[in-house]
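**Q** can't give you the sequence, but here's the structure:
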């Protein structure tokens, strides 16, 4: 494959970092874009970024997507082939506390990306959606054909809005747009606000871990390398207008996930059993049949191996 220029928003984020590294390793030019906000520890983002800047084929701009003029400069200067849009204000719970941030970043930011791609056409836009678009649905496994009009959080609303925006731009301007509904991504260099990070930190410190809905939760935990393989495969196979689930396709009980962390850390967890959180859902479980048909997507990393890899990274990075 010829060397291509790829704009990757959210390059200093968890999934963005891993995606950028994979693309850089195969020789593509990655134009990273990230506002480096302080939603979580900025030093972790800086550490990720440091591992990308060693590549000659990596360029980076620190700016917010809400700054349309700044984004336009990138499109004017770089002759971009593909866009992988992963930047967003993440976190279901934080959307209860800071809703305006989600509108600004997830909706206005995505609008600016779409407008730039409209005026400086690219071959394909791949953007991050979320399992949160399914909201409180009781149909499992979740399929792309299911209705998505009962979101349980503003975060989920913004991601569903992104899908509708992409649909409109495809119909109006024939833009190639693919959305990926991520299902509970985890792995090394992960976000500190996510369960695996919180649990590992507290278990190693001998502190109780918060277990919501008394542990009666299931998540389609998906290792980041499997996610990146899906992103890479989809990016170079545009197909008009598509939305795909991307997950492991095998939901895991939260208590089994905790058991895997206990095994990896060699320590028993102290459980602080709590009621269901506002805005949360009891289960995520993706059908990935459509993505398999499109690119042969098939996750290979088991939860046990993935959790072990994360714990090894965590100990190395923090201890």
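**A** Cool, got the structure. Predicted model, so just to flag it, every value in this text is computed and none were measured.
**Q** how about the strands in the stretch 101-250 of the chain?
**A** 124-130, 177-182, 185-186, 208-212, 218-219, 222-223, 241-246 (DSSP state E, counting those that start in this stretch).
**Q** Ok, which of the ones you listed comes nearest residue 308?
**A** strand 222-223 (10.7 Å; C-beta to C-beta). Placement of C-beta: from N, CA and C, glycine included.
**Q** So which elements touch the closest one?
**A** strand 185-186, helix 303-318 (3 or more C-beta pairs under 8 Å, 6 or more residues apart in numbering; DSSP states H and E).
**Q** what about the helices in the stretch 1-150 of the chain?
**A** Using DSSP state H, counting those that start in this stretch, the helices found in the stretch 1-150 of the chain span residues 14-25, 42-52, 68-78, 94-97, 99-102, 109-119.
**Q** contacting residues around the fifth one?
**A** I take that to be helix 99-102. 89, 94-95, 154-155, 158 (C-beta atoms under 8 Å, 6 or more residues apart in numbering).
**Q** of all the residues you listed, which two lie farthest apart?
**A** Most distant of the contacts of helix 99-102, by C-beta to C-beta, are 94 and 158, 12.0 Å apart.
**Q** Between these two, tell me which one has more neighbours.
**A** Neighbour count, other C-beta atoms under 10 Å: between residue 94 and residue 158, residue 158 has more, with 26 against 19.
**Q** so which of the helices of the stretch 1-150 of the chain comes closest to residue 5?
**A** So among those, helix 68-78 is nearest, using C-beta to C-beta, at 5.8 Å.
**Q** list the buried ones in that closest one?
**A** Applying a neighbour-count criterion of 16 or more other C-beta atoms under 10 Å, one finds 70-71, 74-75, 78 buried in helix 68-78.
**Q** For the chain, which helix or strand comes out least confident on mean pLDDT?
**A** In the chain, no helix or strand scores lower on mean pLDDT, DSSP states H and E than helix 94-97, which sits at a mean of 84.
**Q** if we compare the strands of the stretch 101-250 of the chain, which one ends up closest to residue 297?
**A** Nearest of the strands of the stretch 101-250 of the chain (C-beta to C-beta): strand 241-246, 7.1 Å.
**Q** circling back: which of the helices of the stretch 1-150 of the chain is buried the deepest?
**A** The highest mean neighbour count among those, using mean count of other C-beta atoms under 10 Å, belongs to helix 14-25: a mean of 23.
**Q** which helices and strands sit right next to that one?
**A** So helix 14-25, by 3+ C-beta pairs under 8 Å, 6+ apart, packs with strand 5-9, strand 29-34, helix 42-52, helix 224-235.
**Q** The third one - contacts with which helices or strands?
**A** For helix 42-52, the helices and strands in contact under the criterion 3+ C-beta pairs under 8 Å, 6+ apart are helix 14-25, strand 29-34, strand 58-62.
**Q** elements contacting the last one?
**A** Applying 3+ C-beta pairs under 8 Å, 6+ apart, we find strand 58-62 packed against strand 29-34, helix 42-52, helix 68-78.
**Q** ok and the second one relative to strand 5-9, angle-wise?
**A** Counting by axes from the mean of the first three to the mean of the last three C-alpha atoms, to 10 degrees, helix 42-52 points 170 degrees away from the direction of strand 5-9.
**Q** The helices and strands packed on helix 14-25: which one's closest to residue 211?
**A** The nearest among the helices and strands packed on helix 14-25, by C-beta to C-beta, is helix 224-235 at 23.4 Å.
**Q** what helices or strands is that closest one leaning on?
**A** Against helix 224-235 (3+ C-beta pairs under 8 Å, 6+ apart) you get helix 14-25, strand 82-85, strand 124-130, strand 177-182, strand 185-186, strand 241-246, helix 289-295.
**Q** So what touches the third one?
**A** Contacts to strand 124-130, defined as C-beta under 8 Å, 6+ apart, come from residues 10, 15, 82-86, 88, 110, 113-114, 117, 155-156, 159-160, 162-163, 166, 175-182, 231, 234-236, 238, 243.
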